[in-house]
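Novice: Kindly return the folded structure for what I paste below:
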Amino acid sequence: MRSSFLSFSLPLIGQEEINEVVEALKSGWLTSGPRTKQFEQDFRDSVQAPAALALNSCTAGLHVALKVLNVGPGDEVITTPMTFAASVNVIEHVGATPVLVDVEPDTLNIQPDAVERAITQNTKAIIAVHYAGHPVELNALRAIAEQYHLHLIEDAAHAVGASFEGQPIGSGSNLTAFSFYATKNLTTGEGGMLTGDPDLLDHARIVSLHGMNREAWSRYSAGGKWAYDIVEPGFKYNMTDIQAALGLQQLKRFDRMQERRREIVQTYNSAFGHSGAFLTPTTREHVTNAWHLYVLRLRSSELTIGRDQFIQEMTARNIGTSVHFIPIHMHSFYRNKYNYVPDDFPVAHAAFQQMLSLPLSPSMSHQDVADVIDAVLDIRATFGRRRAAA
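Specialist: Numbers count the residues shown, from 1 in each chain. Coordinates of the predicted model:
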């Protein structure tokens with residue numbers, strides 16, 4: 001057993017990131033400025049997006065997206081229960097009603113057919129979450145959105161580096177929000193990016209900074225003018241140059257970090273894929289999985305313990321894990337407001353009861369990966385069901 005605890009998802013930060021942050025601090029420009037602008041441009045190019053806007057979180061990106069699309073009271077937004085609360089909280093923030101539909105059994109992404117069945121005269125948008133880094137079925141959702149005149153917003157918090165039919169997630173004209181949280185594939189500590197149509201992002205830029213028609217960089221840099229106007233009540237969602245400094249260097253090493261993630265995934269799949277006790281993650285042939293998470297599902301018929309005790313056993317072996325996610329309809333606010341019961345979304349509920357996320361980070365050594373595998377297989381050996389002899 002390991003002598004030290006392996007954290008669930010440590011970021012990979014090198015001297016290049018440290019040096020870039022130090023240079024940002026020395027520059028005297030700490031808030032949104034030249035590094036933020038450069039990061040926007042570099043990220044835009046990396047995902048082949050029409051335009052990009054750097055923000056302080058993916059949540060901010062989703063909130064701003066709903067605002068600039070004029071989603072509000074009386075509107076319904078269809079989304080998934082298998083996501084973090086932020087994806088649905090923003091719908092509540094704008095006064096709209098979230099409408100949850102179940103997920104696909106293999107990818108745990110939102111079911112396009114269920115989306116279409118949930119559409120009413122009040123439906124205005126769909127928020128599609130690329131769960132764990134596996135893209136949703138974009139062609140089907142785009143066709144539904146077009147047929148019913150709905151906005152399609154992509155929650156790509158897990159999907160930096162993913163693609164659908166060869167096209168990077170974020171390359172479309174619809175609004176797509178990315179996360180650079182500390183555990184994400186590319187990190188700025190906290191932070192996010194919104195991509196999409198340039199005209200929509202021009203509006204989003206205003207909404208994301210108090211509703212001002214001019215940013216600090218254009219007011220306080222050399223030759224800048226102090227005057228500004230508030231054209232609508234906005235938010236304080238801008239990214240700082242300190243955050244962007246991290247992002248600039250993370251982008252440079254991103255391909256190598258993704259390669260390491262894929263190596264770890266392949267090693268896990270080889271170790272667990274032939275055991276009847278486990279269901280390993282799937283990847284459909286027409287997508288590139290970003291592999292933000294490695295979600296292992298337990299087959300209760302093969303084990304004498306449930307998911308919660310399995311996690312306890314992993315912790316006892318000094319391996320950190322997590323669960324992604326407690327479905328939205330099981331949280332007290334949404335359960336009480338909308339009278340949900342767990343089996344309203346049976347696929348999501350069943351998956352939740354089986355799942356745990358194993359450590360997955362490019363910072364992991366070969367020994368770290370081996371320790372995770374040893375722990376999982378040791379628990380399987382200890383708590384596996386014994387078959388009676390014929």
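
Novice: C-alpha from now on. contacts and neighbour counts both.
Specialist: OK.

Novice: Domain boundaries for the chain, per the record?
Specialist: Per automatic domain parsing, the structural domains of the chain span 15-252, 255-383.

Novice: Is it possible to get JSON lines of those that adds distance to residue 9 and mean pLDDT?
Specialist: Supplementary listing: the domains of the chain in JSON lines, determined by distance: least, Cα to Cα, whole Å; pLDDT from 0 to 100:
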{"stretch": "domain 15-252", "distance to residue 9": "6", "mean pLDDT": "95"}
{"stretch": "domain 255-383", "distance to residue 9": "6", "mean pLDDT": "98"}
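
Novice: Identify the residues contacting residue 347.
Specialist: For residue 347, the contact set (Cα atoms under 8 Å, 6 or more residues apart in numbering) comprises 102-105.

Novice: you'd agree it is in a helix?
Specialist: Yes - under DSSP: H, G, I helix; E, B strand; the rest coil, residue 347 falls within a helix.

Novice: who does residue 319 bridge with?
Specialist: Beta-bridge partners of residue 319, counted by DSSP bridges, are residue 6.

Novice: contacting residues around the residue nearest the centre of the chain?
Specialist: Centroid check for the chain by Cα atoms, centre = their mean gives residue 157 as the closest residue, at 2.2 Å. Counting by Cα under 8 Å, 6+ apart, residue 157 touches 58, 129-130, 177-180, 184.

Novice: how about those residues in CSV, adding neighbour count?
Specialist: Output for the contacts of residue 157, formatted as CSV (neighbours: other Cα atoms under 10 Å):
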residue, neighbour count
58, 27
129, 29
130, 27
177, 33
178, 29
179, 30
180, 25
184, 23
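
Novice: and the gap between the residue nearest to residue 182 when sequence neighbours are not counted and residue 78?
Specialist: If the residues on either side of it in the chain are set aside, residue 182 comes closest to residue 189, at 4.6 Å by Cα to Cα, 6 or more residues apart in numbering. Distance of residue 189 to residue 78, given as Cα to Cα, to the nearest Å: 30 Å.

Novice: How about residue 24?
Specialist: Using Cα to Cα, one gets 41 Å for the distance from residue 24 to residue 78.

Novice: ditto for residue 188
Specialist: Residue 188 is 30 Å from residue 78, by Cα to Cα.

Novice: Now do the one helix or strand residue 308 maps to: distance to the chain's middle.
Specialist: Residue 308 belongs to helix 307-316 when assigned by DSSP states H and E. Relative to the centre of its chain, helix 307-316 is centred 25 Å away, using Cα atoms, centre = their mean, to the nearest Å.
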